[in-house]
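**Student:** build the 3D model from these lines:
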Amino acid sequence: MLAKPSAILFDLDGTLLDTAADIALALSRAMADRGLPAPGVDAVRQMIGRGAPGLVDRASLALGLGLQDARKAELVEGFFHHYGRLQEVDECVAQPYDGAREALAALHAQCLPLAVVTNKQQRFARGLLDRLSLSPFLRLVVGGDTCERRKPDPQPLLWACAQLGVAAGQTLMVGDSVNDVAAARAAGMPVVCVPYGYNEGQDPRSLDCDALVENLIELPRLWAAQPA
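**Tutor:** Next up is the predicted model:
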């Protein structure tokens, strides 16, 4: 059992939302603009986790493209363009995982401060959360461009705690990947994982987390027997 947290930080991609299809489509369009092949959705699922630069790096490596840094930077900008266009024209198909909306609503009703800490750019994260009507449950959205460093560095988690006015040791991180676990450990906070996320192609059940929940709606059970 975990102690009841003073606040909860959620990862976005692979934890709250299944975004792989949109990410794969934007990457495919960016690469097609430059006459390059693109990985399919299943391959992209294994590349998600370190923001757009990491995605482009992994796609380049997987396809054996040997791209130079300048070309990778062009692809990152192309990805941002196409990913933003998906939101602008309402072409996104991303949806919350089963139980995610209900979990956020239930935890919000308990007056727990909730935030998203993601490596996705903040504008894209906010756009998705607004589109899916999840923003009212959240006090804060920290993107990969909010702080100087991204997960697995603890900086965005600690910055979120400072903004929420809570101690890191009393804050729970919920994620699906080694990045989330590493960031939480470095920040000195407990971490719970879900088994259905991306985790860079590795089994999330192998993560060194404090607990694993099959569905986010199970989160309150982890501290239900603890005093308030």
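**Student:** domain-wise, how is this protein divided?
**Tutor:** 7-18+95-222, 20-88 (automatic domain parsing).
**Student:** neighbouring contacts of the lowest-mean-pLDDT helix or strand in the chain?
**Tutor:** Every helix and strand of the chain was ranked by mean pLDDT, DSSP states H and E. The lowest is helix 51-62, at a mean of 91. Applying CB atoms under 8 Å, 6 or more residues apart in numbering, the contact partners of helix 51-62 are 23, 27, 31, 38-39, 43-44, 46-48, 50, 65-67, 72, 75-76, 79-80, 83, 119-121, 144, 150. The C-beta positions use only the backbone N, C-alpha and C, and glycine is treated the same way.
**Student:** off-centre distance for it?
**Tutor:** With CA atoms, centre = their mean, to the nearest Å as the basis, helix 51-62 stands 16 Å off its chain's centre.
**Student:** quick check: angle from the next helix or strand after it to helix 51-62?
**Tutor:** Downstream of helix 51-62, the first helix or strand assigned by DSSP states H and E is helix 69-88. Our comparison of helix 69-88 with helix 51-62, counting by axes from the mean of the first three to the mean of the last three CA atoms, to 10 degrees, yields an angle of 120 degrees.
**Student:** what is helix 69-88 packed up against?
**Tutor:** With contacts taken as 3 or more CB pairs under 8 Å, 6 or more residues apart in numbering; DSSP states H and E, helix 69-88 sits against helix 20-33, helix 51-62, helix 122-131.
**Student:** let me have these in a markdown table, adding distance to residue 13 and mean neighbour count as columns.
**Tutor:** A markdown table is the format used below for the helices and strands packed on helix 69-88 (distance: least, CB to CB, whole Å; neighbours: other CB atoms under 10 Å):
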| stretch | distance to residue 13 | mean neighbour count |
| --- | --- | --- |
| helix 20-33 | 8 | 20 |
| helix 51-62 | 10 | 20 |
| helix 122-131 | 9 | 19 |
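**Student:** next, format those helices as CSV and append distance to residue 107.
**Tutor:** Shown next, in CSV, are the helices and strands packed on helix 69-88 (distance: least, CB to CB, whole Å):
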stretch, distance to residue 107
helix 20-33, 25
helix 51-62, 26
helix 122-131, 15
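**Student:** those: which one's closest to residue 202?
**Tutor:** helix 51-62 (13.2 Å; CB to CB).
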